[in-house]
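> below is the sequence, then the predicted model.
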Amino acid sequence: MTMTYLASREPSYLDEEVSMPVPDGSQLLRCVADSSEHSPLIAITSLADSAQNISVQCLGPTGARFRKSIQVLAGETLLTEACTARTVHGGDLEAGLSDAEGQKRDKAQSVGVALASDAAPGSFAAFGLVPHGSGEHRFFSGFTFDDPKMIMSATN
């Protein structure tokens, strides 16, 4: 997947190789987003034939947690901030960023994010962006989610 954000003075290019959801995976995706004063923005797409509830957890370096639950309709893609209550149904990237300036954190920090669905394994996909800068000087870094069940390691 390749995305380009052109609304800033300089374009941001993001190239990601996203792993595919699989039915023999789990109902959980995890990631770590890099340091920013803004909450990571997550695009979640439902691959299910019916609505599903997704639990979003944001874990900061001091152990502080934020949790919320969102409903994703069959085939829907939505944007949600990982560490705030804000979710945008049916919007584009600009709609998802329109209020991000007012939601700055006191200091930049990396966060861990976990998404868990009440639907079958492989029923949703997610991709994340971390906004940096402000106004015309905005740029993004991307992060991908991994299914812990699908990671090949000696400790699995």
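Structure's in. What do you need?
> which residue, other than its chain neighbours, is closest to Asp147?
What sits nearest to Asp147 in space, not counting adjacent residues and going by C-beta to C-beta, 6 or more residues apart in numbering, is Gly25, at 4.3 Å. C-beta coordinates here come from the backbone N, C-alpha and C atoms, glycine included.
> need the per-residue pLDDT for that neighbour.
The model reports Gly25 with a pLDDT of 76.
> need the three-state assignment for it.
The three-state assignment at Gly25 reads coil, by DSSP: H, G, I helix; E, B strand; the rest coil.
> separation between it and Phe140?
27 Å (C-beta to C-beta, to the nearest Å).
> which one's more surrounded, the two?
Using other C-beta atoms under 10 Å, the more surrounded residue of Gly25 and Phe140 is Phe140, with 22 against 19.
> hang on, isn't the more buried one packed against Val130?
Yes - the criterion here is C-beta atoms under 8 Å, and Phe140 meets it with Val130 at 6.4 Å.
> ok, back up a step: residue contacts, the residue nearest to Asp147?
Neighbour list for Gly25: Pro121, Gly122, Asp147, Lys149, Met150 [criterion: C-beta atoms under 8 Å, 6 or more residues apart in numbering].
> would you list those residues in CSV and tack on neighbour count, pLDDT and distance to Glu81?
Shown next, in CSV, are the contacts of Gly25 (neighbours: other C-beta atoms under 10 Å; pLDDT from 0 to 100; distance: C-beta to C-beta, whole Å):
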residue, neighbour count, pLDDT, distance to Glu81
Pro121, 17, 91, 25
Gly122, 19, 90, 25
Asp147, 19, 84, 22
Lys149, 13, 78, 26
Met150, 17, 76, 26
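> between the residues you listed, which is nearest Val111?
Using C-beta to C-beta, Asp147 comes nearest to Val111 of these, at 19.0 Å.
> helices of the protein, residue ranges please.
Assigned by DSSP state H, the chain shows helices spanning 93-97.
> which intervals of it have sub-threshold pLDDT?
1-22, 91-106, 134-136, 151-156 (pLDDT under 70).
> go again using 50 as the cut-off
Applying pLDDT under 50 to the chain flags residues 1-2, 101-102.
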